[in-house]
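> please work out how this folds:
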Amino acid sequence: MPGYTTHKRAVQGRLRRVEGQVRGIQKMVENDRYCIDVLTQVSAAKAALDGIALLLLADHTE
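This next block holds a predicted model:
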């Protein structure tokens, strides 16, 4: 049965971190923050999601 046993805790922690990043981005937009600053945070969140995808792929291929 497929699962995330090897990296489950790491994936969950990273997902919580990304959730916080996205909420921060929402607040930045609400507060009319400078576009480049918002885009920088979007890029960071995307990179974090890419890292999560790699962990999931590692579990899948093990």
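> please make it C-alpha for all contacts and neighbour counts, starting now.
Noted.
> just give the number of residues close to the residue nearest to residue 28 when sequence neighbours are not counted.
Using Cα to Cα, 6 or more residues apart in numbering and skipping residues adjacent in sequence, the residue nearest residue 28 is residue 38, 6.6 Å away. Using other Cα atoms under 10 Å, residue 38 has 18 neighbouring residues.
> counting neighbours, what do you get for residue 25?
Per other Cα under 10 Å, the neighbour tally for residue 25 reads 20.
> so where's this protein shaky on pLDDT?
1-5 (pLDDT under 70).
> what helix or strand is the residue nearest to residue 28 on?
Assigned by DSSP states H and E, residue 38 belongs to helix 35-61.
> please identify the buried residues of that helix?
Under the neighbour-count criterion of 16 or more other Cα atoms under 10 Å, helix 35-61 has 38, 41, 42, 45, 48, 49, 52, 55, 56, 59 buried.
> by contact count, what packs against it?
Helices and strands touching helix 35-61, by 3 or more Cα pairs under 8 Å, 6 or more residues apart in numbering; DSSP states H and E, are helix 8-30.
> so the helix it packs on versus helix 35-61, what angle?
160 degrees (axes from the mean of the first three to the mean of the last three Cα atoms, to 10 degrees).
> buried sites along helix 8-30?
11, 14, 18, 21, 22, 25, 28.
> ok, residue 45 - contacts?
18, 21, 22 (Cα atoms under 8 Å, 6 or more residues apart in numbering).
> for the buried residues of helix 8-30, give me TSV that also has distance to residue 34.
Converted to TSV, the buried residues of helix 8-30 look like this (distance: Cα to Cα, whole Å):
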residue	distance to residue 34
11	31
14	26
18	21
21	16
22	16
25	11
28	8
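> nearest to residue 32 among the contacts of residue 45?
Nearest to residue 32 among the contacts of residue 45 is residue 22, at 15.3 Å by Cα to Cα.
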